[in-house]
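Visitor: turn this into a structure:
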Amino acid sequence: MASEHTAGFEPAEQLAKDRESVRRRFWIKLKRVVANLLPFAEDLLAAYYCAFDKQTPRHVQVALLGAIAYFILPFDFIPDMMPILGFTDDAAVLATVIRLVATHIRPEHRDAARAALKRGIDREG
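Guide: Residues are numbered from 1 along each chain as shown. Below you'll find the predicted structure:
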C-alpha cells in the first residue's frame, strides 16, 4: 500500500515482479534509445545480465529489476525525450543500485554487456 512518503516507484515495483515483461520490454526500449545511453549502456546491460543470473542473490535481483523496470517505464521524473537530460534520472537510479550491489556484478556480466554492445544489440541477450 502506498503511503504519503513514497517516491512514486510503485509502478516500477509492480513491473519488477513480472520478470518476463521486464526482459521483453527492456530489449525493446534499449534498442530504441541506445544512442542516447552510450555513457551508461554497458553498466545497464551488466546490471541486466546480473539481474537474470540464477547465481545472483534474490535481494540483488530485486534491486536490479526495480532499477531496470524504472528504465523501461514510459514515464519517469524527467521524460526520456528531453535532449541530454532525459536519461539522467534513469542513470541516477541505475548508478545508485549498481553502487549498492557492485560486488555481485561479475566480470562475466560485464563481458556479456560488452559483447551485446559490440554486436549492436541485434538480439536479446
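
Visitor: which intervals of this structure have sub-threshold pLDDT?
Guide: Low-confidence segments of the chain (pLDDT under 70): 1-17, 32-39, 74-87, 121-125.

Visitor: secondary structure element for residue 49?
Guide: Assessed by DSSP states H and E, residue 49 sits inside helix 41-51.

Visitor: let me see the residues that make contact with that helix.
Guide: 26, 30, 34, 37, 56, 60-61, 64-65, 67-68, 71, 94-95, 97-98, 101, 104-106, 108-110, 112-114, 116-117, 125 (CB atoms under 8 Å, 6 or more residues apart in numbering). C-beta here means a position set from N, CA and C on the backbone, and glycine is covered the same way.

Visitor: now, of those, which are buried?
Guide: With burial judged by 16 or more other CB atoms under 10 Å, the buried subset of the contacts of helix 41-51 is 26, 30, 34, 37, 56, 60-61, 64-65, 67-68, 71, 94, 97-98, 101, 104-105, 109-110, 112-113, 116.

Visitor: quick one: which of the residues you listed sit in helices?
Guide: 26, 30, 34, 37, 60-61, 64-65, 67-68, 71, 94, 97-98, 101, 109-110, 112-113, 116 (DSSP state H).

Visitor: from residue 49, how far off is residue 43?
Guide: Per CB to CB, to the nearest Å, residue 43 is found 11 Å from residue 49.

Visitor: do the same with residue 55
Guide: Note on residue 55: its distance to residue 49, by CB to CB, is 11 Å.

Visitor: quick one, which of the two is more surrounded?
Guide: Set residue 55 next to residue 49 and count neighbours by other CB atoms under 10 Å: residue 49 wins out with 21 against 8.

Visitor: any idea how far the more buried one lies from residue 30?
Guide: 12 Å.
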